[in-house]
Every structure is written in C-alpha cells, then in structure tokens.
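Visitor: have a look at this prediction, sequence included:
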Amino acid sequence: MPSTTFALDEPLISTLDAVANEARVGLSSAPKTLSPWLFYDEEGSHLFEQITELPEYYLTRTERSIFAAHAGEILREAALGQGPSGKLTLIELGAGTATKTGILLAEAVRQQGSVVYQPVDVSETALAEASENILANIPGVTVRSQVADYTREALPLNRLVETRTLALYIGSSIGNFMPEDAKDVLRNLRAQLLPGDALLLGTDLAPSGGAHANKTPATLLAAYNDAAGVTATFNLNVLTRLNRDLGSDFVLRNFHHRACWNPTQSRIEMHLESLIDQRVQIPTNSSGPAFTVDFAQGESIHTENSYKFTAAAVEALLASAGFKRTNSWQDPQHLFAVTLAAAI
Ligand code: AVJ
C-alpha cells in the first residue's frame, strides 16, 4: 500500500464522539465556538438544500450558471496535455447530492464518450442519492462513491491507468476553513494528485467595493440572513442537534441567529447570540464528565465562517498548496468564481 493511502481499516472516531468532543472543546473556549460540520445532520442537510433555493442565496444558482455557460471550455482546458488515449476521471470532495456536478459530467461524456466519477462525502445517504440521480439521468457515467471525511483522512483516490484526474471542490466549501486549514485541505488533495492533474475550485467573491459596486456587504448579509428565516433555523438547528445527540438542555427561543460581515478577515460570520443570562447543562458523555456552559446576555457562539475571496487571493491560496491557476470564470455580475488550476 503506498504511504499516501490512509489505512481504511483504522477505525474513525464515531460521529457521536466527535460531536461530544466538539461541544466540550468549543463551548468551554472563549469566545465560544462550534464547528460548521455540526450543521449537517439530516434536518440540517435538508435546511441547507432549502437555503440553496432562496432568492437571497445567490451562490448555488450562480455557480450552476457558470458551469452551464462554460462547461465545454472548462473540461477541454482541464484535459489539455493528456496523452492521446487518456480521459479525465472526475473526483469530487464533499459531493453531497452532486446536483450541480451533472452539468460537468454530461459535458465530459459529450467530449470523451464516457467518464468515471468518484464522489467523496461523509454522508452515505447523500452519496446514494447522488449516484441514483446521475445513473438515471446521464448515461455514460460510471459512479464509484466513497464515504470519507476528506478533512481528516487522505483521499481514497482510485487512479485508473491512462487517465488524468480532475478534482472538483465546488460550492464555496473551501470558504468554511480558516486560511491555514484551507491550505492544508488543498495540500492534502494535491498530495493525492500527479503533476498535470487538475483542480476546479468554486469560491464566493469578496464585495467589489466602490460607489457603484454590484456586490456589497449588504448582498452578503442578505444571503446569510434571509427574509424567510431559513438560515436562522439552519443555525439554531445545531442546538437541537446537541440536545438530541448529547442530551443537553439548550432552549432555542433563548438564542438568536446573527450574521455579520468581517471586512478585516473577508468573511461572513454566523453566531448564535444569547438573549438572556443563562446556564446550559451538558450531561456526561464519551468525551468526559458533565459540564455547564454559562452565557451572559449578548454573548454568542460563533458557529461558522464563510470566507469571500478576491481573484488574487484564490490564486495565492492555490499556489501555496502546489497548484497553478490556469483559467477562471465568473458570472456577469462577478458574484462567484470558478477557477481551474493544474497540479505542479
Ligand atoms: C456550504 C459552506 C458553502 O458558507 O455559504 C449557507 C453554508 N451557511 N448559509 C456557505 C451556509 C449559511 C455554505 N457552504
């Protein structure tokens, strides 16, 4: 077994242990934090799907429109330099239900007759839905899904002979990571690729600035604080999850969803703000003894960062992880960017 391959027989800590650990560490630190992966229980995943359809949440539909407008060019450029018999194999990090990927897969089939698609995700049910949809709708695709946490394990990449890999890391998922961690995620991916393989990275763009800017902090704030309150429900659902998984006693009406733009860090932050002075109990669990969490009125739990990038920041991030930007595409309003890079 090559040394870059993660030993898949090594047991991963169970999800419940990981939840217990996150809660203990995050809620006893100052300021209090919880990791965004905690959002995605069954209800949270469903709420996120709803978010992607909100009028204010432009990210998903904008990235899809970029794929629809440029899929041919994206795949042709990703395939440049390959040997005559080589085809692109597509892998996708955090594929989820892979709803946007279909556009790229259909184009890959058009260009090369068939394609192998390897979606990687922590959710087995999301992967099952993804392959069902793709197999039913796009003939010519062979799906090989892998359940894995790409943030903690090396990617279980099955390289086929005579192919090049195009890794997809789309949906602005990279935006959830602190800059240092984002670099590590991409380096970890790079370590699984060969020179000449490609990466397609989807990033949300920073506000453009200027008096006539079409993307302002207000555009971002609306996307993370929608009028229908779906994002608020999504944020608060993390407390419901802790109550269910850990037996804690968070009272949801005592907290409120707050999104803010942090211009220094170029990120949207989501917080759950305590509306009163209160104490929450978390019973003993796999990560240690019972503990209490005290909140002062106005104190918050920082639940998510969503980084917004300039084109230059994307290029620098890619370079720091061993990739060289080859091309990029934006929607006409410059809301979102899709960047193609070569492993060097
Ligand atoms: C899934 C990380 C891309 O940051 O926009 C949506 C998650 N949070 N609304 C994002 C999210 C609040 C989303 N990502």
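Guide: Received, thanks.
Visitor: can you name the element that comes right after the lengthiest helix in the chain?
Guide: Identified as the longest helix of the chain according to DSSP state H is helix 58-79. The helix or strand immediately downstream of helix 58-79 is strand 87-93, counting by DSSP states H and E.
Visitor: residues contacting the helix or strand following that next one, please?
Guide: Once strand 87-93 ends, the next helix or strand along the chain (criterion: DSSP H and E) is helix 101-112. Residues from elsewhere that reach helix 101-112, judged by C-beta atoms under 8 Å, 6 or more residues apart in numbering: 64, 67-68, 71-72, 74-76, 79, 87-88, 90, 92, 95, 115, 117, 119, 130, 133-134, 137-141, 168, 170, 200. Quick note: C-beta positions are derived from backbone N, CA and C, even for glycine.
Visitor: pretty sure residue 281 belongs to a strand, no?
Guide: Yes - counting by DSSP: H, G, I helix; E, B strand; the rest coil, residue 281 falls inside a strand.
Visitor: I figured residue 233 hits residue 47, correct?
Guide: Yes - with contact defined as C-beta atoms under 8 Å, residue 233 reaches residue 47; the gap is 5.9 Å.
Visitor: tell me which element residue 183 falls in.
Guide: helix 179-191.
Visitor: if you count neighbours, what's buried in that helix?
Guide: 182-183, 185-186, 188-190 (16 or more other C-beta atoms under 10 Å).
Visitor: quick one: the strands in the protein?
Guide: 32-33, 87-93, 115-121, 141-143, 146-147, 163-169, 198-204, 255-262, 267-274, 278-282, 291-295, 300-307, 323-330, 336-343 (DSSP state E).
Visitor: so which bits of this structure are right by the ligand?
Guide: For the chain, the contact set with the ligand under C-beta under 6 Å from any ligand atom comprises 51, 59, 171-173, 175-176, 224, 231, 304, 306.
Visitor: mind putting these into CSV with neighbour count and pLDDT?
Guide: As requested, the residues of the chain next to the ligand are exported to CSV (neighbours: other C-beta atoms under 10 Å; pLDDT from 0 to 100):
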residue, neighbour count, pLDDT
51, 19, 98
59, 20, 98
171, 24, 96
172, 21, 97
173, 19, 97
175, 21, 98
176, 20, 97
224, 23, 98
231, 24, 99
304, 23, 98
306, 18, 98
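Visitor: and the gap between residue 216 and the ligand?
Guide: Distance, residue 216 to the ligand, using C-beta to the nearest ligand atom, to the nearest Å: 17 Å.
Visitor: that older thread, and the contacts of helix 101-112, which of them are buried?
Guide: 64, 67, 71, 74-75, 79, 87-88, 90, 92, 95, 115, 117, 119, 130, 133-134, 138, 141, 168, 170, 200.
Visitor: quick one, what contacts the closest residue to the ligand within the chain?
Guide: Minimum separation of the chain from the ligand (C-beta to the nearest ligand atom) falls at residue 306, amounting to 3.4 Å. Going by C-beta under 8 Å, 6+ apart, residue 306 touches 172, 175-176, 204, 224, 267-270.
Visitor: one more time with 10 Å
Guide: 36, 59, 172, 175-176, 204, 220, 223-224, 259, 267-270 (C-beta atoms under 10 Å, 6 or more residues apart in numbering).
Visitor: find the nearest non-adjacent residue to it, please.
Guide: residue 268 (4.4 Å; C-beta to C-beta, 6 or more residues apart in numbering).
Visitor: what's the burial count for that neighbour?
Guide: Residues near residue 268, counting by other C-beta atoms under 10 Å, number 22.
Visitor: tell me the bridge partners for it.
Guide: With DSSP bridges as the criterion, residue 268 is bridged to residue 261, residue 306.
Visitor: quick check: it touching residue 218?
Guide: No - Residue 268 is beyond contact range of residue 218, at 11.8 Å (criterion: C-beta atoms under 10 Å).
Visitor: and the angle for the helix holding residue 183 with strand 87-93?
Guide: Calculated by axes from the mean of the first three to the mean of the last three C-alpha atoms, to 10 degrees, helix 179-191 forms an angle of 150 degrees with strand 87-93.
Visitor: now do helix 179-191: distance to the chain's middle.
Guide: 13 Å (C-alpha atoms, centre = their mean, to the nearest Å).
Visitor: picking that back up, return the member of the strands of the chain having the minimum mean pLDDT.
Guide: Lowest mean pLDDT within these: strand 146-147, at a mean of 90.
Visitor: low-confidence ranges, the stretch 101-250 of the chain, go.
Guide: Applying pLDDT under 70 to the stretch 101-250 of the chain picks out residues 156, 158, 211-212.
Visitor: burial count for the closest residue to residue 182 other than its chain neighbours?
Guide: What sits nearest to residue 182 in space, not counting adjacent residues and going by C-beta to C-beta, 6+ apart, is residue 174, at 5.3 Å. Residues near residue 174, counting by other C-beta under 10 Å, number 23.
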